[in-house]
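S.K.: structure of the sequence below:
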Amino acid sequence: MKLRGTGATSGTLLTGILIGAGLLGGCSIDLPDPSAPTVEQSASGLATPTITPGHDAEAVAGWKPVKENVAGENQYAKTDGCLVAAKVRTSQTPLALADDRASTVGLFTYLDPSILPKYLKTETLRWGGSPDKPGPRVEVLVLEQAAPAGARSTAVMARLFSVPASSIYITVSCPDPATLAAARQDVAERLIIVPPSA
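M.R.: Residues are numbered from 1 along each chain as shown. Now for the predicted structure:
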């Protein structure tokens, strides 16, 4: 018996169906039950920390968000003219050295070869925890250079985490040294580095 217009016999057609069924027999299609609870998939390996303002930061310190996650950067402004920019960067393996401190010094040197390790000071920022309670801290290196008269005062805080090869980079810029000191205090108390979840 031939199928009309194909020239194939029923035996050939049956063989093709059986081969196709055999190939598909090893496959399965996952159709989840909509009423079943979903399981969150977590990334394997080390992840990147994130930066977030503390609880009710605007009410506490007068900061307002200017940019949110624009190319990995968040910016916050204050009525006194200060601006904080916080960035998270990934894929920084070429800058990762023996440990986090050496890697962070290398990051500053990479950005500006004239920055010597002796110019960098140590400071700490919030490392997770609840914003309204004392919590753990993470060490960062800080570069603060004297500004010429009439120029804005700026401090840069950074840390390169050598194992996940990611970094946090925070710039605080203010009209003068007094407002910069107050802004740095706000950043130390209210800006939280959220540890990687992996």
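S.K.: mind checking what secondary structure Ala178 has?
M.R.: Recorded secondary structure, Ala178: helix (DSSP: H, G, I helix; E, B strand; the rest coil).
S.K.: from Val140, how far off is it?
M.R.: 22 Å (CB to CB, to the nearest Å). The C-beta positions use only the backbone N, C-alpha and C, and glycine is treated the same way.
S.K.: for those two, indicate the residue with more neighbours.
M.R.: More neighbours surround Val140 than the other of Ala178 and Val140, with 22 against 11 (other CB atoms under 10 Å).
S.K.: isn't the more buried one up against Lys121?
M.R.: No. Here Val140 lies out of contact with Lys121, judged by CB atoms under 8 Å, at a distance of 9.7 Å.
S.K.: name the helices or strands packed onto the helix or strand containing Ser173?
M.R.: Using DSSP states H and E, Ser173 sits in strand 166-174. With contacts defined as 3 or more CB pairs under 8 Å, 6 or more residues apart in numbering; DSSP states H and E, strand 166-174 has these neighbours: strand 83-89, helix 100-111, strand 153-161, helix 177-190.
S.K.: I'd like the ones you listed as TSV, with mean pLDDT and distance to Pro65 appended.
M.R.: Formatted as TSV, the helices and strands packed on strand 166-174 follow (pLDDT from 0 to 100; distance: least, CB to CB, whole Å):
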stretch	mean pLDDT	distance to Pro65
strand 83-89	91	10
helix 100-111	93	25
strand 153-161	94	19
helix 177-190	90	13
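S.K.: for the ones you listed, which one sits closest to Asn74?
M.R.: Of all those, strand 83-89 sits nearest to Asn74, with 5.0 Å by CB to CB.
S.K.: give me the distance between Thr154 and Asn69.
M.R.: Between Thr154 and Asn69 the distance is 23 Å, computed by CB to CB.
S.K.: and these two? which has more neighbours close in?
M.R.: Taking neighbours as other CB under 10 Å, Thr154 and Asn69 compare with Thr154 leading, 15 against 9.
S.K.: how about that one: what's its closest non-neighbour residue?
M.R.: Counting by CB to CB, 6 or more residues apart in numbering, Ser173 is the residue found nearest to Thr154 once chain neighbours are left out, at 4.6 Å.
S.K.: and the one you found, bridged to which residues?
M.R.: Bridge pairing for Ser173 (DSSP bridges) gives the partners Leu83, Thr154.
S.K.: same check on Lys64?
M.R.: Beta-bridge partners, per DSSP bridges, of Lys64: Ala77.
S.K.: my guess is it contacts Tyr76. True?
M.R.: Yes. Counting by CB under 8 Å, Lys64 does reach Tyr76; the two are 6.6 Å apart.
S.K.: those two: who's more crowded?
M.R.: Legend: neighbour count by other CB under 10 Å for Lys64 and Tyr76, higher for Tyr76 (26 against 11).
S.K.: right, and Cys82 touches Ser173 too?
M.R.: Yes. Applying CB under 8 Å, one finds Cys82 in contact with Ser173, separated by 6.8 Å.
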